[in-house]
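Colleague: dropping the sequence and predicted coords here.
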Amino acid sequence: MPVFRLSSATLDFPDPSLAEPDGLLAVGGDLSPQRLLRAYALGIFPWYPENSPILWWSPDPRCVLVPGDLHVPRSLTRTLRRQPFAFSLDQAFDQVIENCAATRRENGTWLLPEMIAAYRLLHSLGLAHSAEAWHEGELAGGVYGLALGRIFFGESMFFRRPDASKAALVHLVRGLEAAGFQLLDCQQETANLRRFGAQGIPRGEFLGRLCAALSRPAKSGSWREGIPPFPTRDCPAAETDMPVC
């Protein structure tokens, strides 16, 4: 079937079930905060190479990790027991995303300048976040993504020292679990993610879990002091102004 072309005049996306077998759903549009929030709320994310229009994806199956199901591989457990890293949140978002971009370029894929600018803007709005691992005062690894409701959309990770990105991921997931997050969206399934307990689920199931996770949006803002826990009851003042599924 033909890929849906987005109009600059509307934020509408086609139904994710109309995606191509590889997950490609739509082409075009922009990376404005409004469009990105709408896309993620519908289970859609952008990825595209250099010199290409923006491509929007909704894979089937979808790789996810339930924070409470995190499995720390034995070798990483041994590393963490030595406590080689110090951890932080939102202390070095720009450095993390720049290093992720450099890693992707080395691997032949692209985290392009306009995408970096878009996620930096979401970070300034308190919606995109990073987790960092430090070794002797130097940034050793990290991961970044987007938080909406009770779901964290993981985007990319990097390391400068062995196990640093994995350690940062563990720190992030444990924080997400403590704060009441229901799901970490990993987008694409890999052997490395499976070792941490991630698994591929059908798109329809993912969209159902996504709707549940978005039903009580969390307060936006910096995570420098830790991930804010969810209120025990609905609090309209704590909700972000974002579209829901």
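Modeller: Sure thing, it's come through. Note that this is a predicted model, so its numbers are computed, not measured.
Colleague: tell me which other helices or strands the helix or strand hosting residue 26 touches.
Modeller: Residue 26 belongs to strand 24-28 when assigned by DSSP states H and E. For strand 24-28, the elements it packs on are strand 4-6, strand 55-57, judged by 3 or more Cβ pairs under 8 Å, 6 or more residues apart in numbering; DSSP states H and E. C-beta here means a position set from N, CA and C on the backbone, and glycine is covered the same way.
Colleague: quick one: low-confidence parts of the chain?
Modeller: 1-2, 104-109, 231-245 (pLDDT under 70).
Colleague: circling back: who wins for proximity to residue 183 among the helices and strands packed on strand 24-28?
Modeller: Between residue 183 and these, the tightest spacing by Cβ to Cβ is seen for strand 55-57, at 17.6 Å.
Colleague: and the longest strand along the chain, what does it pack against?
Modeller: Counting by DSSP state E, the longest strand found in the chain is strand 138-148. When contacts are defined as 3+ Cβ pairs under 8 Å, 6+ apart, strand 138-148 sits against helix 33-41, helix 93-106, helix 113-124, strand 128-135, strand 151-159, helix 164-179.
Colleague: now tell me what touches the second one from outside.
Modeller: Looking back up the chat, that one is helix 93-106. Contacting residues not belonging to helix 93-106 are listed as 110-112, 116, 119-120, 123, 128-130, 132, 139, 142-144, 155-158, 160 [Cβ atoms under 8 Å, 6 or more residues apart in numbering].
Colleague: one more: the last one?
Modeller: The contact list for helix 164-179, computed with Cβ under 8 Å, 6+ apart, reads 65, 67-68, 70, 72-73, 76, 79-80, 85, 87, 89, 131-133, 135, 140-143, 152, 157-159, 184, 196, 226-230.
Colleague: just the buried members of those?
Modeller: Using 16 or more other Cβ atoms under 10 Å as the burial test, the contacts of helix 164-179 include 65, 67, 70, 72, 76, 79-80, 85, 87, 89, 131-133, 140-143, 152, 157-159, 184, 196, 227-228, 230 as buried.
Colleague: please parse the chain into its domains.
Modeller: 4-59, 63-226 (automatic domain parsing).
Colleague: contacting residues for the residue lying closest to residue 100 once chain neighbours are set aside?
Modeller: Spatial nearest neighbour of residue 100, chain neighbours left out: residue 156 (3.9 Å); criterion: Cβ to Cβ, 6 or more residues apart in numbering. If a contact means Cβ under 8 Å, 6+ apart, then residue 156 has 97, 100, 103-104, 111, 143-145 as its contacts.
Colleague: run the last query once more with 10 Å
Modeller: Counting by Cβ atoms under 10 Å, 6 or more residues apart in numbering, residue 156 touches 96-97, 99-101, 103-104, 109, 111, 115, 119, 142-145, 165, 187.
Colleague: same question for residue 224.
Modeller: Listed by Cβ under 10 Å, 6+ apart, the contact partners of residue 224 are 88-91, 129.
Colleague: do residue 144 as well
Modeller: Residue 144 makes contact with 90, 92-94, 96-97, 99-100, 119, 123, 128-132, 154-158, 168, 172, according to Cβ under 10 Å, 6+ apart.
Colleague: what's the answer for residue 92, then?
Modeller: For residue 92, the contacting residues are 98-99, 130-132, 134, 139, 142, 144, by Cβ under 10 Å, 6+ apart.
Colleague: name the nearest of the residues you listed relative to residue 61.
Modeller: residue 144 (23.4 Å).
Colleague: how about the nearest residue to the closest one, chain neighbours excluded?
Modeller: Nearest one to residue 144, counting by Cβ to Cβ, 6+ apart, is residue 130 at 4.2 Å.
Colleague: pretty sure that neighbour contacts residue 122?
Modeller: No. Taking contacts as Cβ atoms under 10 Å, residue 130 lies outside contact range of residue 122: 11.5 Å.
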